[in-house]
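Q: structure for the following, please:
(2 chains)
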Protein chains: 2
Amino acid sequence: MPPGLNMDNQKTDQESEDTSVVISEQVTLLQDTLVLTPEGVQKRSEQVAVEVPYTVALNDEEIGASMVLATDLEEFGAGFLFGQGYITEPGQVREVLVCPDGRISVHADVDEDMKPKEVIITSGCGGTGKISREMLEGAFDPLKECTITFPEIGEFIRQGLQSSPLGPATHCIHGCGFWSEGRLQAWYEDVGRHNAVDKVIGAILLGKFSPAGAIYTTGRLTSDMVLKCARIGIPIVMSRTSPSSLGLAIARRAGVTLAAYARPDRVNVFHGPERIVRNCED
Amino acid sequence: MPPGLNMDNQKTDQESEDTSVVISEQVTLLQDTLVLTPEGVQKRSEQVAVEVPYTVALNDEEIGASMVLATDLEEFGAGFLFGQGYITEPGQVREVLVCPDGRISVHADVDEDMKPKEVIITSGCGGTGKISREMLEGAFDPLKECTITFPEIGEFIRQGLQSSPLGPATHCIHGCGFWSEGRLQAWYEDVGRHNAVDKVIGAILLGKFSPAGAIYTTGRLTSDMVLKCARIGIPIVMSRTSPSSLGLAIARRAGVTLAAYARPDRVNVFHGPERIVRNCED
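A: Now for the predicted structure:
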């Protein structure tokens, strides 16, 4: 955490001038609120998602700082550096250390000449809402082929959301998971839809699973979301909700299956329907 | 638009390698999709929100590039520079030119020494998901006082959402409006919740209305969202959905009323309920 970046989320004293942040693994806080209606006032207690600032360093050089949900920070650090264009493929990361002072220290074998030269702030949303020009332009590598069946889509979404109690509790959390080899490989959460995707991509970079599978996000598929998935080599990109025009354009260029409004028994496919297998044995 | 940043959203030819973007005022595109279910396939047409890249320049120096919905770009340019810490108050902006090559050129009277020194990428989401350390830290100016009544909240939300057909059409658009002096002053839309807020803040910077009023956003109130509103001096910040812990902490520090889950007849107030007037004449 950059020194001085302090903000105490735990104070309920409205007069408090204390602004120290506790960097902890705490992901929600209970807050007292007042529900106002024209008829009256009712006290209530709400769970609020905890954002904490973390800096990410690559080979001891600070690359950036981001607000995150303090879970799966090794994956986040690796995925963040991929999204920023510093790490490009699995096998480069040697070690990730999460330090109690709010710093994720990644050590990786990277080509110093490959540093991104220009970044574009992405629309919509972007915890790590920057992409390098190098990522946006240029040809895409061929994707490893895979398919997903409707029973698998159903299990993917059901198991993922069941393992994700923070979303319904806070209304402030995005989930993102990965399905391959017939099972849910991982499910990550963050305040940001970008950060949650970065955690999945970080897991691929850390060798936890191959990109030959399907990613599902509760967030919208804007340009950078699809771009990161395509660049790491994920052939099937699914969302609970919608794509943007540029997200779709990137899916077409990269040959990625883009399935929106994904539900256990229904997807709306904007590109690449052949990877979604309808008639299959349950 | 940075040269070479080209991506054609209008091609439906899946084999197309053309990647030129048309910078236009077009905000949605119709796309053919396939709805797949275990039982069969159905053709469908979906409206997709159009993201286009714009660069923002301040006094002929390029500050950043962002994907945006190509509406209200003068407001976006001014608000973007506020969010990045370059413009700090109304009256500084002299002229905003939106150029057909994808560039928003802002001319403003700014103190060259006041340039932000460090930026923090914000969580959750962030079309313009960066805030300067200067914005996050330091004392907040006193807010101009104002209140809002329940009939006003109802009109605010109803009129705003009625003037916003893109949201329900695309499921990919955030809305953000401003209410003061008993009426809806403005309603802006963007693919990004940050961008939509930036358009409201830009309108304040351009002198279209005073910050003494209420802002309503369809997006979550994470740290940077609340921070930008507090720094420009908006006393009442309302959202259709939830705040994060740090958004709430900033509201407390700044003395901003933070009303979540805002509906025409119900708000869940996390801080500063005194500005929401329940018992009023309709």
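
Q: when you work out contacts or count neighbours from here on, use the C-alpha atoms and nothing else.
A: OK.

Q: Provide the backbone phi and psi angles at the residue nearest to residue A:256 when sequence neighbours are not counted.
A: Using C-alpha to C-alpha, 6 or more residues apart in numbering or on different chains and skipping residues adjacent in sequence, the residue nearest residue A:256 is residue A:235, 5.0 Å away. When quoted as degrees, to the nearest 10, the phi and psi of residue A:235 stand at phi -80, psi -30.

Q: so what pLDDT did residue A:235 get?
A: Looking at residue A:235, its pLDDT is 98.

Q: residues contacting it?
A: A:143, A:144, A:145, A:146, A:211, A:212, A:213, A:214, A:255, A:256, A:257 (C-alpha atoms under 8 Å, 6 or more residues apart in numbering or on different chains).

Q: can you flag the buried ones in the residues you listed?
A: A:143, A:146, A:211, A:212, A:213, A:214, A:255, A:256, A:257 (16 or more other C-alpha atoms under 10 Å in any protein chain shown).

Q: which one of those residues is nearest residue B:79?
A: Of all these, residue B:79 sits closest to residue A:256, with 34.6 Å by C-alpha to C-alpha.

Q: surely that closest one and residue A:232 touch.
A: No - the criterion here is C-alpha atoms under 8 Å, and residue A:256 misses it with residue A:232 at 11.3 Å.

Q: circling back: now the residue nearest to residue A:256: how far from residue A:149?
A: Look at residue A:235 and residue A:149: by C-alpha to C-alpha, to the nearest Å, they are 14 Å apart.

Q: show me the shaky parts of the stretch 101-250 of chain A.
A: The stretch 101-250 of chain A contains residues with pLDDT under 70 at A:114-134.

Q: what helix or strand is residue A:176 located in?
A: Using DSSP states H and E, residue A:176 sits in strand A:174-180.

Q: would you mind giving the contacts of residue A:235 as JSON lines with secondary structure and distance to residue B:102 added?
A: Output for the contacts of residue A:235, formatted as JSON lines (DSSP: H, G, I helix; E, B strand; the rest coil; distance: C-alpha to C-alpha, whole Å):
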{"residue": "A:143", "secondary structure": "coil", "distance to residue B:102": "32"}
{"residue": "A:144", "secondary structure": "coil", "distance to residue B:102": "36"}
{"residue": "A:145", "secondary structure": "coil", "distance to residue B:102": "37"}
{"residue": "A:146", "secondary structure": "coil", "distance to residue B:102": "38"}
{"residue": "A:211", "secondary structure": "coil", "distance to residue B:102": "35"}
{"residue": "A:212", "secondary structure": "coil", "distance to residue B:102": "37"}
{"residue": "A:213", "secondary structure": "coil", "distance to residue B:102": "36"}
{"residue": "A:214", "secondary structure": "strand", "distance to residue B:102": "35"}
{"residue": "A:255", "secondary structure": "coil", "distance to residue B:102": "27"}
{"residue": "A:256", "secondary structure": "coil", "distance to residue B:102": "28"}
{"residue": "A:257", "secondary structure": "strand", "distance to residue B:102": "29"}
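
Q: with distance to residue B:107 added, can I get the residues you listed in CSV?
A: Listed next are those as CSV, based on distance: C-alpha to C-alpha, whole Å:
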residue, distance to residue B:107
A:143, 46
A:144, 49
A:145, 51
A:146, 52
A:211, 46
A:212, 49
A:213, 48
A:214, 46
A:255, 42
A:256, 42
A:257, 43
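
Q: between those residues, which is nearest residue A:90?
A: Of the contacts of residue A:235, the one sitting nearest to residue A:90 (C-alpha to C-alpha) turns out to be residue A:211, at 9.8 Å.

Q: surely the closest one and residue A:236 touch.
A: No - look at residue A:211 against residue A:236 with C-alpha under 8 Å: they stay out of range, at 9.6 Å.

Q: got the residues of the stretch 151-282 of chain A near chain B?
A: Counting by C-alpha under 8 Å from any C-alpha of the partner chain, the stretch 151-282 of chain A comes close to chain B at A:170-172, A:190-195, A:220, A:241-246, A:248-250, A:252-253, A:265-271, A:273, A:278-279.

Q: which ones among the residues you listed map onto helices?
A: If you go by DSSP state H, these have A:170, A:193, A:194, A:195, A:245, A:246, A:248, A:249, A:250, A:252, A:253 in helices.

Q: give me the neighbour count for the fourth one.
A: What it means is residue A:195. By the criterion of other C-alpha atoms under 10 Å in any protein chain shown, residue A:195 has 34 neighbours.

Q: what are the ranges of the strands in the stretch 151-282 of chain A?
A: A:174-180, A:183-190, A:214-217, A:236-239, A:257-263, A:266-271, A:276-277 (DSSP state E, counting those that start in this stretch).

Q: next, the buried residues of the fourth one.
A: Meaning strand A:236-239. A:236, A:237, A:238, A:239.

Q: what are the contacting residues of stretch A:39-47?
A: Contacting residues not belonging to stretch A:39-47 are listed as A:28-36, A:169-170, B:278-279 [C-alpha under 8 Å, 6+ apart].

Q: which of those residues lies closest to residue B:99?
A: Closest approach to residue B:99 among those (C-alpha to C-alpha): residue A:170, at 41.5 Å.

Q: how about the closest one, what does it touch?
A: Counted by C-alpha under 8 Å, 6+ apart, residue A:170 has contacts A:28, A:46, A:47, A:48, A:49, B:242.

Q: now, these that are in strands?
A: Per DSSP state E, strands hold the following members of the contacts of residue A:170: A:28, A:46, A:47, A:48, A:49.

Q: quick check, nearest of the contacts of residue A:235 to residue A:58?
A: Distances from residue A:58 to the contacts of residue A:235, taken by C-alpha to C-alpha, are shortest for residue A:211, at 22.8 Å.

Q: quick one, what contacts the closest one?
A: Listed by C-alpha under 8 Å, 6+ apart, the contact partners of residue A:211 are A:204, A:232, A:233, A:234, A:235.

Q: which of the residues you listed are buried, as a PyMOL select command?
A: Here is the PyMOL selection string for the buried members of the contacts of residue A:211, based on 16+ other C-alpha under 10 Å:
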select buried, chain A and resi 204+232+233+234+235
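
Q: where does the residue sitting furthest away from the middle of chain A fall, secondary structure wise?
A: Farthest-out residue of chain A from its mean C-alpha position, per C-alpha atoms, centre = their mean: residue A:39, at 41.1 Å. Counting by DSSP H and E, no helix or strand carries residue A:39.

Q: tell me the pLDDT of it.
A: pLDDT for residue A:39: 91.

Q: cool, and residue A:7?
A: Model confidence at residue A:7 (pLDDT) stands at 39.

Q: swap in the one 5 residues further on?
A: You'll see residue A:12 listed with a pLDDT of 35.

Q: same list, the buried residues of strand A:236-239, but as TSV with distance to residue A:224 please.
A: Shown next, in TSV, are these (distance: C-alpha to C-alpha, whole Å):
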residue	distance to residue A:224
A:236	15
A:237	13
A:238	14
A:239	14
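
Q: so residue A:184 sits right up against residue A:163, yeah?
A: No - between residue A:184 and residue A:163 there is no contact under C-alpha under 8 Å: 10.6 Å.

Q: those two - which one has more neighbours?
A: Comparing residue A:184 with residue A:163 by other C-alpha under 10 Å, the one with more neighbours is residue A:184, at 18 against 15.

Q: bridging residues for the more buried one?
A: For residue A:184, the beta-bridge partners are residue A:179 (DSSP bridges).
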